[in-house]
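J.: Kindly generate the corresponding structure for this input.
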Amino acid sequence: MEAKLRAFFLTSATAFLIAFPAHAGQIAPNPNYATIVVSDSEYNSEVPFDNYGVIALRNSGGLANVLGGSFYNYGTVESGGSLVNSLGGDFNNYADVKNSGYLENSAAAWKNYGRLDNTGTMRNAQFSMNNYGTLNNSGTMKNADGVLSNYGVINNSGTETHDMAALENSGTFINTGKLSMGDMYGLDNSGRLNNSGTLMIGEYSILNNSGALTNTGTLINTVLQGAGPAGVHNTGNLGNYGTITGGGNYLQTAGKTVNDGNMTQTSVDITGGTLSGNGRIDGNVNLENGATLSPGDPAGTLTVNGNLSSSGTLLFHLGGLDPGRFSVLNIYGNAFFTGGRISFTFLNGFTPAAGDTWDFLHANSFGWNTLSFELDGLGSGLGWGVSLAGNEATLSITGEGNVPEPSTLALLCAGLVILISGARRRRVLR
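T.: The predicted structure follows:
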């Protein structure tokens with residue numbers, strides 16, 4: 001790493017000498033709210049520089065903060081030329097920077113406490129760019145082998161690319177444009193991330209969400225199989241109301257995923273927390289012990305075009321008899337239970353009566369080692385039963401007098417019938 005940085009400094013120093021020839025001068029501080037127009041090449045080096053007025057870079061005008069220079073902007077910097085912070089420079093913006101030309105932070109530190117508007121080209125390389133204020137990008141922004149840390153607000157309506165680089169968001173990030181995470185490192189969101197544009201996770205990258213992520217656009221997870229912990233990893237709250245697609249893996253170890261849109265992944269592994277929603281999942285779903293799958297929001301239908309393997313909890317909400325008033329899980333694949341349970345609960349004070357039925361679970365085939373059933377909130381004098389006929393599982397409310405003794409319950413190959421009296425709320429199949 002040290003050799004790499006030394007080589008970069010030498011390369012950058014050479015580039016600086018070429019870009020800023022011998023007649024380039026040390027720019028004078030601007031403490032008196034004046035307007036300085038730069039149409040040639042100026043630099044700040046080794047000394048503090050305070051700007052309370054306006055610095056305007058016109059046409060081919062260039063300003064470089066380098067070699068230990070400290071630049072403090074309390075006014076306005078307008079760059080239609082080239083604004084560079086490099087070679088150990090320290091750029092601090094407390095007011096306004098407007099870039100319609102070229103802005104670069106390389107091997108240096110950039111801190112934005114004010115407002116930074118980019119409609120041109122902006123590049124961060126090697127070192128860090130920290131945003132505590134507001135960064136608006138409607139142009140092109142590239143983060144190459146550096147770190148962009150956001151503690152404030154970033155609005156991206158342009159193109160933002162992170163390649164061999166990291167994006168750390170603990171503030172608010174709103175993407176209505178295109179945000180691409182290239183190979184290595186990735187995106188860590190512990191704040192709020194709203195995507196209504198396109199968010200792409202590269203083949204060897206990763207999206208870690210421990211905050212709140214809302215997707216109403218397109219999230220593309222292209223991570224290669226066998227690429228280690230890469231992909232989408234959720235431990236926070238992730239709501240998908242748009243499209244999640246690609247050949248990668250989706251992993252949740254804690255938190256909550258609400259899928260009211262379309263999710264296409266090679267596998268969806270829920271090892272902790274809750275998966276719910278009224279959307280569609282194309283891919284295999286694995287639900288582990290300690291995790292919960294709850295179709296609907298909380299009532300409604302969740303569709304899985306793939307297989308379900310479960311040792312966790314399937315939770316169904318019942319708020320009425322009409323479609324849309326109760327939870328339904330449609331599995332257009334095989335459902336296999338290696339433990340866990342299926343639980344039912346009533347919504348919004350709904351009171352069932354004898355004879356009420358719900359077709360709550362569909363699968364192409366069913367299999368299990370052990371499986372428990374639970375129902376909460378049933379009134380006195382009523383029993384309940386779960387029947388499996390063909391591809392449908394049905395919950396029925398019965399009069400308690402119609403329930404057979406537990407010793408007569410049988411698990412049949414042709415059909416499963418489980419009838420449980422009001423006094424017995426739980427049954428285990430083995």
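J.: and T274, what is it in contact with?
T.: Applying C-beta atoms under 8 Å, 6 or more residues apart in numbering to T274 gives the contacts 255-257, 291-294. Using the backbone N, CA and C atoms, a C-beta is placed for each residue, glycine as well.
J.: got the residues you listed as TSV, with neighbour count, distance to Q126 and secondary structure columns?
T.: TSV is the format used below for the contacts of T274 (neighbours: other C-beta atoms under 10 Å; distance: C-beta to C-beta, whole Å; DSSP: H, G, I helix; E, B strand; the rest coil):
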residue	neighbour count	distance to Q126	secondary structure
G255	18	33	coil
K256	18	37	strand
T257	25	36	strand
A291	22	41	strand
T292	18	44	strand
L293	25	44	strand
S294	23	46	strand
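J.: need those residues in CSV with pLDDT and distance to E46, can you?
T.: As requested, the contacts of T274 are exported to CSV (pLDDT from 0 to 100; distance: C-beta to C-beta, whole Å):
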residue, pLDDT, distance to E46
G255, 98, 48
K256, 98, 52
T257, 98, 52
A291, 98, 57
T292, 98, 60
L293, 98, 61
S294, 98, 61
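J.: Relative to E203, which of those is nearest.
T.: Taking C-beta to C-beta as the measure, T257 is the one of these closest to E203, at 22.8 Å.
J.: which residues does the closest one bridge with?
T.: Beta-bridge pairing for T257 (DSSP bridges): L238, L275.
J.: how many other residues sit next to N32?
T.: 7 (other C-beta atoms under 10 Å).
J.: what's the spacing between it and Y52?
T.: 7 Å (C-beta to C-beta, to the nearest Å).
J.: With S100 instead?
T.: Look at S100 and Y52: by C-beta to C-beta, they are 22 Å apart.
J.: and if you look at E203?
T.: Where Y52 is concerned, E203 sits at a distance of 47 Å (C-beta to C-beta).
J.: what does N112 give?
T.: Applying C-beta to C-beta to N112 and Y52 gives a distance of 17 Å.
J.: With neighbour numbers in mind, choose between those two.
T.: Applying other C-beta under 10 Å to N112 and Y52 shows that N112 carries more neighbours, namely 23 against 16.
J.: name the helices or strands packed onto the strand or helix carrying I397?
T.: Secondary structure assignment for I397, by DSSP states H and E: strand 392-399. Identification of packing neighbours for strand 392-399 by 3 or more C-beta pairs under 8 Å, 6 or more residues apart in numbering; DSSP states H and E yields strand 357-368, strand 382-389.
J.: between the shortest one and strand 357-368, how many degrees?
T.: Using axes from the mean of the first three to the mean of the last three C-alpha atoms, to 10 degrees, the inter-axis angle of strand 382-389 relative to strand 357-368 is 50 degrees.
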